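**Student:** Give the three-dimensional model of this entry:
(2 chains)
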There are 2 protein chains.
Amino acid sequence: MQSGGQQVGKASIQFKEGPRIIGAASVVGQKEGEGPLGSFFDVIEPDPMLGCDNWEEAESALQKEAADLAIEHSGIVRNQIRYLFAGDLLGQLIATSFGTVDLEIPLFGLYGACSTMGEALCLGAMAVDAGYADYVMSMASSHFASAEKQFRFPLEYGNQRPLSTTWTVTGCGSFVLGKKGGNVRVAGITPGKIVDMGLKDSMNMGACMAPAASDTICRHLEDFGRRPEEYDKIITGDLGEVGHTILVDFMKSNGYDINSLHMDCGMEIFDNESQDTHSGGSGCGCSAVVLAGYILPKLQSGEWKRVLFVPTGALLSSTSYNEGQSVPGIAHGVVLEHC
Amino acid sequence: MQSGGQQVGKASIQFKEGPRIIGAASVVGQKEGEGPLGSFFDVIEPDPMLGCDNWEEAESALQKEAADLAIEHSGIVRNQIRYLFAGDLLGQLIATSFGTVDLEIPLFGLYGACSTMGEALCLGAMAVDAGYADYVMSMASSHFASAEKQFRFPLEYGNQRPLSTTWTVTGCGSFVLGKKGGNVRVAGITPGKIVDMGLKDSMNMGACMAPAASDTICRHLEDFGRRPEEYDKIITGDLGEVGHTILVDFMKSNGYDINSLHMDCGMEIFDNESQDTHSGGSGCGCSAVVLAGYILPKLQSGEWKRVLFVPTGALLSSTSYNEGQSVPGIAHGVVLEHC
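**Tutor:** Model (predicted):
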């Protein structure tokens, strides 16, 4: 079986034909629906519990809904999907385990914090490109309330949040990848390394993740021998206002000016003025739904020809934080092209 | 670039040449060192803290040590390893994040509960076989004390444990896979589906995981058109005594007699009589270190020609358990052959 993909540079893969994104879906919560991108999402769920008994089950319900809709949009049937690459932010990935059990598709459970959508697309594209699967699904979710409970404070406590914090997106983005179909392809990937600058402020995750984003973007440009201008956009996941500034500075010190090319999903999804979301949106659902709802259609229409999608993750847990550990970052790069 | 792998059956992949395991290492704790397999492990760490300040950092130290040793055994240098596929049991994979940061290798973080070693070998083998990497590392760890803290009770509480419980292995197994070298190959894989029989007893994980093991083994045999007798051993991860009985019964009801072929890493690693470990060992470190220390040498010597390695995972968190959710299982199958 012919694999079109080949190693490029130190750590990237360039696909020859490139697996296509043949179906996608975005399901979000009320607040995301009221944000600047609200009209682009497939489904806005007005009930944050989605009719479930707790936040974790609600997040699982987001996954079920997004998966079913992505399959519907792709025009194939569920059992044609050979493998599922999925994850979420919760300990032991319980949103994914209970959200995907009914799909009955062999699962590779992934954890890359908020970079998980990038990780899932990398591995899904590798599987399809190599001929290991005709169709795969890549998916990631987050839920504001399950994440607050997992990482921060009980919602009932009503704590104040520093301006550097981000607001976890309630949402799930799901993608069906196949050898043929559609007009957007995964043209290459640059998987991310963990980058630990020793920062310890979990309320400023943008600063913790920006060095990892810079590392991945620089390595990507070197591996592919490209300049930033060869992309219509370089799109990070959830750096927010604070992380954006740091990323642009880091890139500048590496000889790249990406200020006008940089877009951050977390900065697009909410309007801080009216929605009080501080530095922006975050969570693996953030980049996932912005990709499905906003970025992908621009690639499909040809308005954008090529983007570098770089979801960013902050690798911490409440345990590591309480034990005084730093907050390392990771970012996975995915080249998406109109074709 | 030529990929030798191809889809077989509904959900499996058969590799043509098959990525080779060119280096492996096992690092375990004192109790594992005192068990029946003690003499087979590379390193026995007498200090459960490994000189660190807490259990989580100790588990990270296990990963560092196992990774360095596997690289040494493989005869290559660290920066030849293109991708790392690794995971552990802790929320947000903190043992892996802090254990692998110094390797500076692009990381795919994985969570499959105690099946993670299988998941990491599947994805690592796929990457090498497709030509995406010349060398990758697959690794998984667990630590008795970090796992008790995460899933059960504080150690200081000294709770009594039902006889169906397993004892989480303190250990890390690490493997370097490459296109050539060594005489053991990954000949095929059957990734696992989540199987939820509605069981809710987190103190009886063997029973929760056995149906998933049975599902994967049956699908594997169907996909490859084989009988159990074509394997020298069918080796599950950590079903323990209770899960072993259930698996053998389930397989029998599917027309397969695997009683004499079945081996369970969790049943091998401890001696319940003298070590009071009840149903057996568990944790993703369990199957990882038994593979590295005990199974792999038997394949290298040719005593075993072909085994099916099926690490088993119980997909729960303390949150899902406390919210009354069931404990679904998952198991990933990996065919290992002497060549």
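
**Student:** sec struct for residue A:316, please.
**Tutor:** coil (DSSP: H, G, I helix; E, B strand; the rest coil).

**Student:** what about it, neighbour count?
**Tutor:** Here the number of neighbours of residue A:316 (other CB atoms under 10 Å in any protein chain shown) works out to 24. C-beta here means a position set from N, CA and C on the backbone, and glycine is covered the same way.

**Student:** mind giving me the domain ranges of chain A?
**Tutor:** A:19-178, A:184-338 (automatic domain parsing).

**Student:** Which one of these lies nearest to residue B:257?
**Tutor:** Minimum separation from residue B:257 across these (CB to CB) falls at domain A:19-178, 25.5 Å.

**Student:** What is the end-to-end distance of the closest one?
**Tutor:** End-to-end span of domain A:19-178 (CA to CA, to the nearest Å): 6 Å.

**Student:** low pLDDT regions in chain A?
**Tutor:** Along chain A, the model assigns pLDDT under 70 to residues A:1-3.

**Student:** Please, where are all the helices along it?
**Tutor:** Per DSSP state H, chain A carries helices over the ranges A:30-33, A:55-74, A:94-100, A:116-129, A:144-151, A:205-224, A:240-253, A:265-269, A:272-275, A:284-290, A:296-301, A:318-322.

**Student:** could the ones you listed go into TSV alongside mean neighbour count and distance to chain B?
**Tutor:** Output for those, formatted as TSV (neighbours: other CB atoms under 10 Å in any protein chain shown; distance: least, CB to the nearest CB, whole Å):
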stretch	mean neighbour count	distance to chain B
helix A:30-33	20	23
helix A:55-74	24	6
helix A:94-100	28	4
helix A:116-129	30	6
helix A:144-151	22	8
helix A:205-224	26	9
helix A:240-253	21	17
helix A:265-269	28	19
helix A:272-275	12	27
helix A:284-290	36	12
helix A:296-301	17	23
helix A:318-322	18	4
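
**Student:** Would you format those as CSV with distance to residue B:136 included?
**Tutor:** Below are the helices of chain A laid out as CSV (distance: least, CB to CB, whole Å):
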stretch, distance to residue B:136
helix A:30-33, 37
helix A:55-74, 28
helix A:94-100, 24
helix A:116-129, 12
helix A:144-151, 30
helix A:205-224, 17
helix A:240-253, 28
helix A:265-269, 29
helix A:272-275, 42
helix A:284-290, 24
helix A:296-301, 30
helix A:318-322, 26
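
**Student:** nearest to residue B:64, of these?
**Tutor:** Closest among the helices of chain A, once you apply CB to CB, is helix A:318-322, at 15.9 Å.

**Student:** what helices or strands is that closest one leaning on?
**Tutor:** Packed against helix A:318-322, as judged by 3 or more CB pairs under 8 Å, 6 or more residues apart in numbering or on different chains; DSSP states H and E, are the following elements: helix B:94-100.

**Student:** How far does the helix it packs on sit from its chain's centre?
**Tutor:** 17 Å (CA atoms, centre = their mean, to the nearest Å).

**Student:** Other residues contacting that helix?
**Tutor:** Helix B:94-100 is contacted by residues A:194, A:315-317, A:319-320, A:325, A:328, B:56-57, B:59-64, B:67, B:84, B:86-89, B:107, B:109, B:139, B:141, B:143, B:146, B:172 when judged by CB atoms under 8 Å, 6 or more residues apart in numbering or on different chains.

**Student:** show me the contacts for residue A:41.
**Tutor:** Taking CB under 8 Å, 6+ apart as the test, what residue A:41 contacts is A:26, A:27, A:28, A:32, A:33, A:171, A:289, A:292, A:293.

**Student:** any idea how far the residue in the stretch 151-300 of chain A that chain B sits nearest to is from residue B:320?
**Tutor:** Chain B sits closest to residue A:191 of the stretch 151-300 of chain A, with a gap of 3.9 Å, by CB to the nearest CB. Going from residue A:191 to residue B:320 by CB to CB, to the nearest Å gives 29 Å.

**Student:** Please apply the same query to residue A:76.
**Tutor:** 31 Å.

**Student:** Only C-alpha atoms, please: export the top strand by length along chain A in CSV.
**Tutor:** Of all the segments of type strand in chain A, defined by DSSP state E, the longest one is strand A:20-29. Provided in CSV are the C-alpha atoms of strand A:20-29 (Å, rounded to 0.1, in the frame of the first residue of the first chain):
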residue,chain,number,x,y,z
ARG,A,20,-9.2,15.3,3.1
ILE,A,21,-11.5,16.7,5.7
ILE,A,22,-14.7,15.3,4.3
GLY,A,23,-17.1,16.3,7.1
ALA,A,24,-17.0,18.4,10.2
ALA,A,25,-19.3,19.6,13.0
SER,A,26,-19.3,22.1,15.8
VAL,A,27,-21.5,22.0,18.8
VAL,A,28,-21.2,24.8,21.4
GLY,A,29,-22.8,26.3,24.5
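
**Student:** Give me the buried stretch members for that strand, please.
**Tutor:** A:20, A:21, A:22, A:23, A:24, A:25, A:26, A:27, A:28, A:29 (16 or more other CB atoms under 10 Å in any protein chain shown).

**Student:** out of everything not next to it in sequence, what's closest to whichever residue of the stretch 51-200 of chain A sits closest to chain B?
**Tutor:** Chain B sits closest to residue A:91 of the stretch 51-200 of chain A, with a gap of 3.1 Å, by CB to the nearest CB. What sits nearest to residue A:91 in space, not counting adjacent residues and going by CB to CB, 6 or more residues apart in numbering or on different chains, is residue B:91, at 3.1 Å.

**Student:** which residues touch that neighbour?
**Tutor:** Contact partners of residue B:91, counting by CB under 8 Å, 6+ apart, are A:90, A:91, A:92, A:150, A:317, A:318, A:319, B:150, B:317.

**Student:** again, 10 Å this time
**Tutor:** Neighbouring residues of residue B:91 by CB atoms under 10 Å, 6 or more residues apart in numbering or on different chains: A:89-93, A:111, A:150-151, A:316-320, B:56, B:111, B:150-151, B:317-319.

**Student:** That one and residue B:177, how far apart?
**Tutor:** Distance from residue B:91 to residue B:177, by CB to CB: 28 Å.

**Student:** Also residue A:86?
**Tutor:** Counting by CB to CB, the gap from residue A:86 to residue B:177 is 24 Å.

**Student:** Could you do residue A:11 as well?
**Tutor:** Residue A:11 sits 16 Å away from residue B:177, going by CB to CB.

**Student:** Now for the spatially closest residue to residue A:104 that is not a sequence neighbour: which residues touch it?
**Tutor:** Excluding the flanking residues, the one nearest residue A:104 by CB to CB, 6+ apart is residue B:193, at 5.8 Å. By CB under 10 Å, 6+ apart, the contact set of residue B:193 is A:84, A:100-101, A:103-107, B:11, B:212, B:215-216, B:219, B:328-332.

**Student:** same question, residue A:309
**Tutor:** In this structure, residue A:309 makes contact with A:117-118, A:121, A:186, A:189, A:231, A:233-237, A:263, A:265, A:287, A:290-291, A:295-296, A:299, A:332-336, judged by CB under 10 Å, 6+ apart.

**Student:** again, but for residue A:217
**Tutor:** By CB under 10 Å, 6+ apart, the neighbours of residue A:217 are A:190, A:192, A:228, A:231, A:234, A:236, A:247, A:250-251, A:254, A:256, A:258, A:262, A:308, A:310, A:331, A:333.

**Student:** I only care about the residues you listed that end up buried; give me the ChimeraX line for that.
**Tutor:** Selection command for ChimeraX covering only the buried members of the contacts of residue A:217, criterion 16+ other CB under 10 Å:
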select /A:190,192,228,231,234,236,247,250,251,256,258,262,308,310,331,333
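
**Student:** From residue A:171, how far out is the closest residue to residue A:20 other than its chain neighbours?
**Tutor:** In space, residue A:20 comes closest to residue A:182 once its chain neighbours are excluded; the distance is 4.5 Å by CB to CB, 6+ apart. Counting by CB to CB, the gap from residue A:182 to residue A:171 is 22 Å.
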